[in-house]
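Novice: The amino acid sequence is not available; the structure is as follows:
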């Protein structure tokens, strides 16, 4: 049995570890937190999983919440007018072909970690240092680092050409709450763009206290939305800050969340990071090489809600690459090739995230078109399941304008007012 | 003769001091730098002055550079496509009804300071502290603080309601250069918007070495344009950073500036500030009250090129308020009333600057319209002379869309392709 070390028990690390265990690999998983600490800890993200990622979990017997997690059946887009106008400029909901689902990672990762251990996996509760990787790493045929965007990710050199950002482009504030009302259209991943200032997201989620709502503010640093207390603030203070932003910039969301309370004592999170793409291979002191995974090497802004989906995809791509590699050595060539297979998909999301962060003119025009043309709204929604198709109509202004023209011609422009 | 102290020898302070001297006030002007230090120091801004401000200077005999300063006859707007495409998405030049003009403030302020002293003004070369203001201030009937956005401005309490920004929204890098080519359309204040990432500006300027070009990058902090070295960098390093940004994001400007060299040893500047509106009156220890002026109380981002114009307007409004006030005491009521008269205009620029910083959907639509409709392009250009009219068609999405529709109807939409 080939010995593999996976560093980090998040969506990607656990999914890979469990997947390799099922293929009879000798898998060790190391993470500073065990199941109880994960369960009683702080929320980690909003993790809306779309069709392909959910099907992947079902195939691998990892989907335990289908009967309890609220179904997310659409993606809502609103564009705020300046200065807190009570009505948005754009307001529509695109339907998802397959429902999406959000399960608090405290539930999911704790359960998966138990599955891993019960399935014969070796779990070490330890915070891995770079020094550890250089020494302990030699006992394994392959070391995969799935440690998120933290300190350990820095062992992978930043890919300057693919990393235009040097500072966070959004300050993030997140709360899981009870006492909020559902979106008027039901189970909706709701997006409000406040041009130049950021975004507000909300979605129904299954948390440890049961179904609830999650709300996240993405604020341009120093801008009008960036008024939410961060480090050191209590959950109540963070939620109060979020509600204050909603009241002034997304009143349609404030209406839903006015009575919200934090779902539990760890139900809020705040922070920020510069979107960064890294080299997939790190050379450690002593000659050991390790492979980076998911967020540790491709960290996009959460603006496209793809983080957990890409983590799931990366686990799938790496698992296949490892299995297909047979008994050959897991050398740097293997690692670069495994990452290349992942990057083939991830780069689409990186490109999409950059477009969404910058909000170029053609995106607003597409949003306006979608309000009057349901297939465009639905196509946008389904892009969250399959971002690969966005290159054809959404990412670049030429293609976008060609698409807008083609829709207008096909439907007769008199039915599609231009403003 | 009423004794008035003006703190700060910039566009607004000097213009007010000279103006009051001409009205027989006993004026003291205090600034840490004398004429020689200003002349041999570092550039301070890009100061493009439009028609009304230039006419004001001519009326007051302060316009010494009309025969040498390059005439700026238009405002150019380009919108970059993503990823450094060699052609912009939008590209037009609106004509200015009255030419604009940019004179390096090192020339202008040094000359004006000499005019002030030769005209009988008392100039103190001193860096004023808050403590100074509280004590020395009592010897004057009115103290006006025109000290720019620096430390001293903090005596004026931040107006939270009018100050949505808590951090700089742009990192600014500026160079006056020789060896650059003119804009293809001649004397043009040229603007390139790189959606989500910032702006590039260029304009012809009269500097101490003669006519030259100024180029400025406004980079969203941490974003793709924010790669220019700042504090501690040499002029050559700052210019090299600016050119690198131009090459990748505004190649049409790079073509013009590829061979540029810093115009002199103080020809570059970098920095950034959070746009801030402050209360116009500061209460100092001991009971003294002072009046804030121009940038010290209304600091907008330079994205609308209005700083020097608003400084000029503020000097005019305050001079009139002081003269019209006759022999009555310059109490807090007077100060608030003088500021209110200024804010009546300044708020339009504050609103415009916020719109330009955020780049909402309707602005891109107006830019696209202007490319096919010259009166719209010209109207935009003339807004730099008179921003007050922007409220009717530019600032808010409803008015903007009404305007777009009205133009399309009036001209026949077949002549105005929508994309």
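Specialist: Now that the structure is in, tell me what you want to look at. As the structure is a computational prediction, the values presented were derived from the model and not from experiment. Numbering: from 1, shown residues only, chains lettered A, B, ... in the order given.

Novice: just how off-centre is the longest strand seen in chain A within its chain?
Specialist: Using DSSP state E, we find that the single longest strand of chain A is strand A:90-102. Remark: strand A:90-102 is offset 16 Å from the chain centroid, using CA atoms, centre = their mean, to the nearest Å.

Novice: if you skip the residues just before and after it, what's nearest to the residue of the stretch 251-400 of chain A at minimum distance from chain B?
Specialist: Distances from the stretch 251-400 of chain A to chain B, computed as CB to the nearest CB, single out residue A:358 as the nearest residue at 2.2 Å. Where C-beta positions appear, they are placed from N, C-alpha and C, glycine not excepted. Using CB to CB, 6 or more residues apart in numbering or on different chains and skipping residues adjacent in sequence, the residue nearest residue A:358 is residue B:196, 2.2 Å away.

Novice: ok, that neighbour - contacts?
Specialist: Under the criterion of CB atoms under 8 Å, 6 or more residues apart in numbering or on different chains, the contact list for residue B:196 reads A:357-360, B:220, B:223, B:359.

Novice: ok, now residue A:107?
Specialist: Contacts here follow CB under 8 Å, 6+ apart; on that basis residue A:107 touches A:39, A:65, A:206-208.

Novice: Who wins on neighbours among those?
Specialist: The most crowded member of those, judged by other CB atoms under 10 Å in any protein chain shown, is residue A:207 (23 neighbours).

Novice: So the residue nearest to residue A:358, which state does it fall into?
Specialist: Judged by DSSP: H, G, I helix; E, B strand; the rest coil, the three-state class of residue B:196 is coil.

Novice: do the same with residue A:77
Specialist: When the structure is split into helix, strand and coil by three-state DSSP, residue A:77 lands in strand.

Novice: Count the neighbours of it for me.
Specialist: Count around residue A:77 with other CB under 10 Å applied: 23.

Novice: Please determine how far the spatially most central residue of chain A is located from residue B:243.
Specialist: Centroid-nearest residue in chain A: residue A:307, 2.2 Å away (criterion: CA atoms, centre = their mean). Counting by CB to CB, to the nearest Å, the gap between residue A:307 and residue B:243 amounts to 36 Å.

Novice: Equivalent analysis for residue A:383, please.
Specialist: From residue A:383 over to residue B:243 the distance is 37 Å, taken as CB to CB.

Novice: Next: residue A:24.
Specialist: Relative to residue B:243, and taking CB to CB, residue A:24 is found at 58 Å.

Novice: Of the two, give the one with the bigger neighbour count.
Specialist: Summary of the neighbour comparison: residue A:24 and residue B:243, criterion other CB under 10 Å, with residue B:243 having more neighbours (21 against 11).

Novice: Surely residue A:125 is in contact with residue A:35?
Specialist: No: counting by CB atoms under 8 Å, residue A:125 sits too far from residue A:35 to count as a contact (9.8 Å).

Novice: quick one: which of these two has more around it?
Specialist: Taking other CB under 10 Å, residue A:125 and residue A:35 do not tie; residue A:35 has more neighbours (19 against 13).

Novice: Quick one, grab the pLDDT at the more buried one.
Specialist: Reported pLDDT at residue A:35 in the predicted model: 97.

Novice: The contacts of residue A:107: which ones sit near chain B?
Specialist: When CB under 8 Å from any CB of the partner chain is applied, no member of these is adjacent to chain B.

Novice: what are the ranges of the helices in the stretch 301-419 of chain A?
Specialist: A:307-324, A:332-358, A:361-372, A:374-383, A:397-411 (DSSP state H, counting those that start in this stretch).

Novice: by contact count, what packs against the third one?
Specialist: Spelled out, it's helix A:361-372. Helix A:361-372 sits against strand A:72-79, strand A:90-102, helix A:374-383, helix A:397-411, helix B:361-372, with contacts defined as 3 or more CB pairs under 8 Å, 6 or more residues apart in numbering or on different chains; DSSP states H and E.

Novice: could you give the angle of it to helix A:332-358?
Specialist: Relative orientation of helix A:361-372 versus helix A:332-358 (axes from the mean of the first three to the mean of the last three CA atoms, to 10 degrees): 70 degrees.

Novice: Can you tell me which residues in the stretch 151-300 of chain A are near chain B?
Specialist: A:164-169, A:195-197, A:220-224, A:226-227, A:274.

Novice: Residue A:180 against residue A:257, yeah?
Specialist: Yes: using CB under 8 Å, residue A:180 and residue A:257 qualify as a contacting pair, with a distance of 4.8 Å.

Novice: Next, count neighbours for residue A:371.
Specialist: Residue crowding around residue A:371 was assessed by other CB under 10 Å; the count is 18.

Novice: Kindly report the same for the one 10 residues further on.
Specialist: The local packing of residue A:381 (other CB under 10 Å) involves 26 other residues.

Novice: Specify the beta-bridge partners of the nearest residue to residue A:260 once chain neighbours are set aside.
Specialist: Among residues not flanking residue A:260 along the chain, residue A:177 sits closest, at 3.7 Å (CB to CB, 6+ apart). On the basis of DSSP bridges, residue A:177 is bridged to residue A:213, residue A:262.

Novice: Alright, that wraps it up for me.
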